[in-house]
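Trainee: Whatever this is, show me its structure:
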Amino acid sequence: MCTGKWAKCTADLLFPLALCCIVANILLFFPNGKVWSTKKITEAIWYLPGIIGGGILVFLPASLIRAVGTEGSCFSNRCGMMLSMVMSGLGVAGTLYCILVSVVGLQDGPLCDTGDGVFIYPFSNQTESYLFKQEIWEVCEQPENVVLWNVVLFSILLGVGTLEAVLSLTQVTNGLVGCLCGTNHHQGPIR
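Mentor: So this is what the prediction gives:
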């Protein structure tokens, strides 16, 4: 497969993944599908890992990578491949940000009311992880099902962010090869 086609394929995969990160991050703001005050939302959500890291910082390189992979584009050359390599590095940085914030969100657990009307992080500073002990999730009374909500959505961000990082890293390598060897777009059969 030529470097231009690989770039186009990579970009086509990155677009829906970035959209998935943005949607997952937006859903985190509405625990159990309900609107809560800003002081009752888990802090890690406010760092916007899916919107900034896995979303915008992946959309930007994906747009340029798509242009590099399109035959006849002004970016479909060695210079364009070099730019795609640099922009893919930006995508890697964004996905690493998404991954790290998602890990922190999973580690600390959600902000919730444990029954006394005060919102706290009941699972942070525990010696054992709460992630695999569903019987203790009931300590969070409000918002209802907030632990499951956060675990599922932060896990989606973590998984999709990891996939985006792998794709962005492959495009860094592909961009380097394309910068050194060209994009291999041919106007007709090779003779």
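
Trainee: got the residue ranges for the helices in this protein?
Mentor: 3-28, 57-69, 78-108, 146-181 (DSSP state H).

Trainee: chain center to the third one, what's the gap?
Mentor: From the chain centre to the centre of helix 78-108 is a distance of 8 Å (CA atoms, centre = their mean, to the nearest Å).

Trainee: do the first one as well
Mentor: Between the mean C-alpha point of helix 3-28 and the mean C-alpha point of its chain there is a distance of 9 Å (CA atoms, centre = their mean).

Trainee: now the angle between helix 57-69 and that helix, please.
Mentor: 160 degrees (axes from the mean of the first three to the mean of the last three CA atoms, to 10 degrees).

Trainee: The last one now?
Mentor: Relative orientation of helix 146-181 with respect to helix 57-69: 30 degrees, computed using the same axes, to 10 degrees.

Trainee: on that earlier part again, adding mean neighbour count, write the helices of the chain out as a markdown table.
Mentor: Any C-beta I mention is one placed from the backbone N, CA and C, and that applies to glycine too. Listed next are those as a markdown table, based on neighbours: other CB atoms under 10 Å:
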| stretch | mean neighbour count |
| --- | --- |
| helix 3-28 | 21 |
| helix 57-69 | 24 |
| helix 78-108 | 21 |
| helix 146-181 | 20 |
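
Trainee: Dump these into TSV; add mean pLDDT as well.
Mentor: Listed next are these as TSV, based on pLDDT from 0 to 100:
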stretch	mean pLDDT
helix 3-28	92
helix 57-69	87
helix 78-108	90
helix 146-181	91
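
Trainee: can you redo those as JSON lines with distance to Lys39?
Mentor: Rendered in JSON lines, the data for those read as follows (distance: least, CB to CB, whole Å):
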{"stretch": "helix 3-28", "distance to Lys39": "15"}
{"stretch": "helix 57-69", "distance to Lys39": "28"}
{"stretch": "helix 78-108", "distance to Lys39": "16"}
{"stretch": "helix 146-181", "distance to Lys39": "14"}
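
Trainee: Please name the residues that touch the nearest residue to Met81 once chain neighbours are set aside.
Mentor: Closest residue in space to Met81, ignoring its immediate chain neighbours: Gly178 at 3.2 Å, by CB to CB, 6 or more residues apart in numbering. Applying CB atoms under 8 Å, 6 or more residues apart in numbering to Gly178 gives the contacts Thr3, Gly4, Ala7, Val68, Arg78, Met81, Ser84, Met85, Asn184.

Trainee: So which residue is dead centre in this structure?
Mentor: By CA atoms, centre = their mean, the chain has its centre lying nearest to Gly54, at 2.7 Å.
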